[in-house]
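# any chance you could fold what I've pasted below:
(chains A and B)
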2 protein chains.
Amino acid sequence: MTQHPVSTPTWAQRLDNIQPFHVMRLLADAQALAAQGRDIIHLEVGEPDFPTPEPIIAAGQAALAAGHTRYTPAAGLPALRQAISDDYAQRFQVQVAPERIFVTPGASGALLLASALTVNPGMQVMMADPTYPCNRNFMALMGGQAQLIPVDASTDFQLSAQHIEQHWQANTGMLMLASPANPTGTLVTPQHLAQISQAVRARGGHLLVDEIYQGLTYDVPDHTALATDADALVINSFSKYFGMTGWRLGWLVVPEGAQAAVEKLAQNIFLAPSTPAQYAALAAFTPEAQAILQQRRQILAERRDYLVPALRALGMQVPVMPQGAFYVYAGIDHLTEDAMAWCQNLLNTQGVAVTPGLDFGVQGARQSIRLAYTCDLPRLEEAVQRIRDFIA
Amino acid sequence: MTQHPVSTPTWAQRLDNIQPFHVMRLLADAQALAAQGRDIIHLEVGEPDFPTPEPIIAAGQAALAAGHTRYTPAAGLPALRQAISDDYAQRFQVQVAPERIFVTPGASGALLLASALTVNPGMQVMMADPTYPCNRNFMALMGGQAQLIPVDASTDFQLSAQHIEQHWQANTGMLMLASPANPTGTLVTPQHLAQISQAVRARGGHLLVDEIYQGLTYDVPDHTALATDADALVINSFSKYFGMTGWRLGWLVVPEGAQAAVEKLAQNIFLAPSTPAQYAALAAFTPEAQAILQQRRQILAERRDYLVPALRALGMQVPVMPQGAFYVYAGIDHLTEDAMAWCQNLLNTQGVAVTPGLDFGVQGARQSIRLAYTCDLPRLEEAVQRIRDFIA
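Below is the predicted model:
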């Protein structure tokens, strides 16, 4: 049977630079409480409460019935790449050749391709603090490092050209931004994006833009970085706007000339994205699915319009109205200096699960929480009431 | 619009160390010929010609109907991890706790987790030449390097303890083997595996075993490395034996104590494997599915029993009878010194697509080809006839 090793092998050094999600401990506790029969309100997970729209489900079932269960090309079904290209043309009047679009296993797969393509060991990648936690860890996976730049309300919690002028270093090789952003829900305007692009390009850097919440914007028109910078690497997803989280399907747009490099990465790292998911996603651009998705966007807008003022009324700081995604990032420094413990207490005593700031960065992280408005208005009202009781 | 960069950013250095699949050019040519109406026999892709078994399809459709489209835990559905654990107990009498089993997006995902977990920059990973091409490239992705050891018929084209004694170096940190292997279809016996394990452990190395063709063995009983070395990292897949290629679902078994490290990698790199695929895979272990799968194994055995003697009769060298997978790796040094050109000519003149050895390694690669017996017997006979005509 098992040989006892003479010397125990150790895990790779990169593990020291990759953090687990703090919310996971909270999530496990929430599940344990729910299993005990407690009524838990979940505002901690980045997943809308809507199921996948029926037309997409139906397309997935039809694909299975038709036996579409074998490998597709590594870059994805030609018809799906074309459909995505058509959508860029129709929604944004931007020409993106299908050959520049790589369908991936979730936006996670797109982020992996993009970081494998660009990040050399020792490279710094400039990104806002706070930001989506995986961004930092993908850079670490490739031997690079996130260069976290604290941002505040003065730039809508986004990086700006001025940040680049101030912080770009010799080993900075890329700037990554997200619009709409997680956890703040804020956007970069086309004007600011043009300035950022120019500043990055002047320094010979890559620009990586996360657009996975595209389509989920409120009060403002949607935008793609590709309209401003055709050479940007752009990540997108069928998870959030299209309601296909569990299917794990996203895409990466790459600049002209990068196709061969990305193709060989995709061939090796994934072989191919999920075939049933790709056939299902073909239905995501139909008028039937779009009608459902636009209705959902309206519902999310109503939730935001309720939640942000309600949190402000509790004394929480939300200095910039989030205009996209489905998150509110709220300052609670009048309540605690240890948001992790505060979240744990809130969960234990009131059964409301929210995410501690620690997952998103360093700056103010111990006095911040993220709330996802991923349950219906009555539940949101109930959650606010419970938080009010907790604070009192 | 697009800003012209002052200096053009370059892609990461690792791209120089990652090779595209040579077969892809051939595949594109084969598709172009087929589009012209040519009758092409496909023996070049590592994908069985069988569709996903009906009980698995039905389970996938039922999952979609039930709305199982949201994220699962990063490590996979608890019920699926349990089902895999039960299967190890039932088929191999090996206890593998579900907590050690990580469900992944294909075996590719498992290979990515395993290499991220173990490979430090500069590390060498010992593997047989010939081997599955992605293995080398995953090590390169993590800044490591494949240490290719030429193997021959004397060890069934597998690494042995003697190879380890002879070739292990100070910067060798892991040994990777596959049983059954791609491209040779050969196995490592439990006795040899025990010797290999002991030799690797004595040097403080990791042992990574690819078992994605498990279940597809002929004449010999199935085996898992976990019966011999409970600390081995083992990769497996629902693609090949279970007939679920396009669903992209596999798993990684990790040693006791590695769970937390692998969990945080999976959280960051994937978020979660495909939900519909996981529900479908729950049906893969049912008696109904197993009956179909065992019948298919019998069909593959019949094809092998026809193809290997037929190739030998053409003067091709198949010194070891393949006992698993669905590949024959044949020497053709009596026919060419440029297998790539030979394959291209065979495709163009006879419409038979096979894979040149160049994808699998260095040793003898220009005088070898891989044939996948992934079409039915009459087509295989037709392919052999066409090859005979080509050689004549």
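
# and the longest helix for chain A?
For chain A, the longest helix by residue count, based on DSSP state H, is helix A:287-313.

# helices or strands next to that helix in the packing?
Judged by 3 or more Cβ pairs under 8 Å, 6 or more residues apart in numbering or on different chains; DSSP states H and E, helix A:287-313 is in contact with helix A:54-65, strand A:327-331, helix A:377-391. C-beta: built from backbone N, CA, C; applies to glycine.

# centre of the chain to the last one, how far?
In terms of Cα atoms, centre = their mean, to the nearest Å, the gap separating the centre of helix A:377-391 from the centre of its chain is 26 Å.

# format the CA atom coordinates belonging to that helix as PDB.
These are the backbone C-alpha positions of helix A:377-391, laid out as PDB (Å, rounded to 0.1, in the frame of the first residue of the first chain):
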ATOM      1  CA  LEU A 377     -37.800  43.500  -2.800                       C
ATOM      2  CA  PRO A 378     -39.700  42.100   0.200                       C
ATOM      3  CA  ARG A 379     -36.700  40.100   1.200                       C
ATOM      4  CA  LEU A 380     -34.400  43.100   0.700                       C
ATOM      5  CA  GLU A 381     -36.700  45.100   3.000                       C
ATOM      6  CA  GLU A 382     -36.600  42.300   5.500                       C
ATOM      7  CA  ALA A 383     -32.800  42.200   5.300                       C
ATOM      8  CA  VAL A 384     -32.600  46.000   5.900                       C
ATOM      9  CA  GLN A 385     -35.000  45.700   8.900                       C
ATOM     10  CA  ARG A 386     -32.800  42.900  10.400                       C
ATOM     11  CA  ILE A 387     -29.600  45.000   9.900                       C
ATOM     12  CA  ARG A 388     -31.400  47.900  11.500                       C
ATOM     13  CA  ASP A 389     -32.200  45.700  14.500                       C
ATOM     14  CA  PHE A 390     -28.600  44.500  14.600                       C
ATOM     15  CA  ILE A 391     -27.200  48.000  14.700                       C
END
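
# okay, buried residues for that helix please.
If you call a residue buried by 16 or more other Cβ atoms under 10 Å in any protein chain shown, then helix A:377-391 has these buried ones: A:379, A:380, A:382, A:383, A:384, A:386, A:387, A:390.

# okay, the first one: pLDDT?
The confidence metric pLDDT takes the value 97 at residue A:379.

# over to the nearest residue to it once chain neighbours are set aside: give its phi and psi.
In space, and not counting its chain neighbours, residue A:379 is closest to residue A:41: 5.7 Å by Cβ to Cβ, 6 or more residues apart in numbering or on different chains. Main-chain dihedrals, residue A:41, degrees, to the nearest 10: phi -100, psi 120.

# that older thread, now the angle from the longest helix of chain A to helix A:54-65?
130 degrees (axes from the mean of the first three to the mean of the last three Cα atoms, to 10 degrees).

# picking that back up, bridging residues for the residue nearest to residue A:379?
residue A:352 (DSSP bridges).

# how many neighbours does it have?
20 (other Cβ atoms under 10 Å in any protein chain shown).

# wait, doesn't it sit right on residue A:385?
No. Using Cβ atoms under 8 Å, residue A:41 makes no contact with residue A:385, being 10.2 Å away.

# check which residues of stretch A:143-161 are buried.
A:143-149, A:151, A:155-161.

# should've said stretch A:81-96
Buried residues in stretch A:81-96 (16+ other Cβ under 10 Å): A:81, A:83, A:84, A:85, A:87, A:88, A:92, A:94, A:96.

# near chain B, which residues of the stretch 51-200 of chain A?
Proximity of the stretch 51-200 of chain A to chain B (Cβ under 8 Å from any Cβ of the partner chain) is limited to residues A:51-52, A:57, A:60-61, A:64-65, A:67-72, A:105-106, A:108-109, A:112, A:116-121, A:133-134, A:137-138, A:141-143, A:173-174, A:194, A:197-198.

# list the contacts for the residue lying closest to residue A:101 once chain neighbours are set aside?
Closest residue to residue A:101 apart from its sequence neighbours, by Cβ to Cβ, 6+ apart: residue A:81 at 4.6 Å. Residues near residue A:81 by Cβ atoms under 8 Å, 6 or more residues apart in numbering or on different chains: A:75, A:98, A:99, A:101, A:103.

# how far away from the center of its chain is stretch A:360-378?
Distance, centroid of stretch A:360-378 to centroid of chain: 14 Å (Cα atoms, centre = their mean).

# say whether chain B is contacted by that stretch.
No. When contact is scored as Cβ under 8 Å from any Cβ, no part of stretch A:360-378 falls within range of chain B; the minimum is 10.6 Å.

# end to end, how far does that stretch reach?
28 Å (Cα to Cα, to the nearest Å).

# what do you get for stretch A:167-179?
Termini of stretch A:167-179 sit 21 Å apart (Cα to Cα).

# and it, what's buried?
Those would be A:168, A:172, A:173, A:174, A:175, A:176, A:177, A:178, A:179, for stretch A:167-179 by 16+ other Cβ under 10 Å.

# same check, this time on stretch A:358-374
For stretch A:358-374, by 16+ other Cβ under 10 Å, it's A:358-361, A:363-374.

# same question for stretch A:35-48.
A:40, A:41, A:42, A:43, A:44, A:45, A:46, A:47, A:48.
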